[in-house]
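Chemist: sequence below, structure please.
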Amino acid sequence: MSTSLDALAVRDQELQSVRAPAWRRGFANLLNNEHRLWWGTHKWLVHLLLWLVVLNGLSLLIGLADTYDATNPDPLYDTLVQVFFQVGALATAVGVVITAQGAIVGEKQLGTAAWILSKPVARGAFVLAKFVAYAGSFLALAIVLPGAIFYGESLLLTGRVPAVAPFLAGIGIMALHTLFYLALTLMLGTLFTSRGPVSGLALGAIFAGSLLINLVPPAVLLALPWSLSASAAGLVLGTELPASWPVPVLATALWTGLFLGVALWRFGREEF
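Modeler: Residues are numbered from 1 along each chain as shown. Now for the predicted structure:
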């Protein structure tokens with residue numbers, strides 16, 4: 001009899017009722033699973049090494065070049081900051097699109113999305129878990145850690161470091177730029193059933209910004225994220241920026257929220 005009571009006590013300890021609003025039912029379990037895919041495998045290490053090579057490796061190569069006057073490190077310092085934030089923003093945007101292009105489409109093609117949603121899991125929680133896991137993991141590995149190392153590289157190569165507040169602001173803008181393309185990619189994943197349109201449209205938006213930034217009317221440019229990398233570099237370098245530079249930052253944040261909203265709405269109406 002005591003053995004049965006002990007077994008019931010253990011069962012009651014292991015199985016606990018979890019109450020959550022309907023819109024995020026199952027979110028914690030889905031998020032834990034997404035984190036295991038990032039941090040429980042070698043995926044995190046591959047990404048970390050990749051971004052250290054792409055961002056910090058490029059800065060190191062430029063810093064070790066013989067084309068700069070060692071007695072005047074200012075031009076080198078300016079170049080390193082511009083490369084890290086402007087080239088880095090482009091690289092991380094491309095990277096997050098390539099990484100997340102199959103996050104939802106792949107689940108739909110394999111049938112795992114239908115299987116997961118046959119459980120007591122909210123559809124909104126499925127999309128939000130993807131966004132939170134990819135955002136946190138990718139930003140940590142592709143922006144925060146390389147940014148911290150770049151701070152040390154700047155000191156080593158030029159004897160100068162950016163002021164902390166502007167540097168953190170630049171990192172924040174770079175992160176927002178990346179989140180915009182992550183949200184866009186996830187939204188496209190709910191609208192299409194194959195990776196081609198998802199990656200094609202998202203990458204097209206990135207490279208259109210590189211090619212058309214000088215052709216787009218300034219008023220239109222304020223609503224797009226294409227000038228964010230230049231604003232981030234300008235903040236860190238302390239250069240004078242247009243008075244309207246916060247407008248694209250706010251617009252990008254609003255677009256990111258809109259993309260997530262559309263993704264939640266469309267996935268909620270997906271037929272499996």
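Chemist: now residue 157, nearest residue through space, not along the chain?
Modeler: residue 63 (3.5 Å; CB to CB, 6 or more residues apart in numbering). For glycine as for every other residue, the C-beta is placed from the backbone atoms N, C-alpha and C.
Chemist: okay, and that neighbour sits in which element?
Modeler: Element membership for residue 63 (DSSP states H and E) is helix 58-64.
Chemist: average pLDDT for that helix?
Modeler: Average pLDDT, helix 58-64: 91.
Chemist: and what of stretch 33-53?
Modeler: Across stretch 33-53, pLDDT averages out at 95.
Chemist: the residue nearest to residue 157 reaches residue 76, doesn't it?
Modeler: Yes - in this structure, residue 63 is within contact of residue 76 by CB atoms under 8 Å, at 6.4 Å.
Chemist: quick revisit: helices or strands up against the helix holding residue 63?
Modeler: Counting contacts by 3 or more CB pairs under 8 Å, 6 or more residues apart in numbering; DSSP states H and E, helix 58-64 packs against helix 74-82, helix 145-158.
Chemist: identify whichever of the ones you listed lies nearest to residue 44.
Modeler: Nearest to residue 44 among the helices and strands packed on helix 58-64 is helix 145-158 (10.5 Å), distances taken as CB to CB.
Chemist: what is the helix or strand following that closest one packed up against?
Modeler: Note on helix 145-158: by DSSP H and E, the next helix or strand toward the C-terminus is helix 164-191. Counting contacts by 3+ CB pairs under 8 Å, 6+ apart, helix 164-191 is packed against helix 88-100, helix 123-139, helix 145-158, helix 195-212, helix 228-237, helix 246-267.
Chemist: could you dump those into a markdown table and include mean neighbour count and mean pLDDT?
Modeler: What follows is these, written out as a markdown table (neighbours: other CB atoms under 10 Å; pLDDT from 0 to 100):
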| stretch | mean neighbour count | mean pLDDT |
| --- | --- | --- |
| helix 88-100 | 22 | 97 |
| helix 123-139 | 21 | 96 |
| helix 145-158 | 18 | 94 |
| helix 195-212 | 16 | 93 |
| helix 228-237 | 23 | 96 |
| helix 246-267 | 17 | 97 |
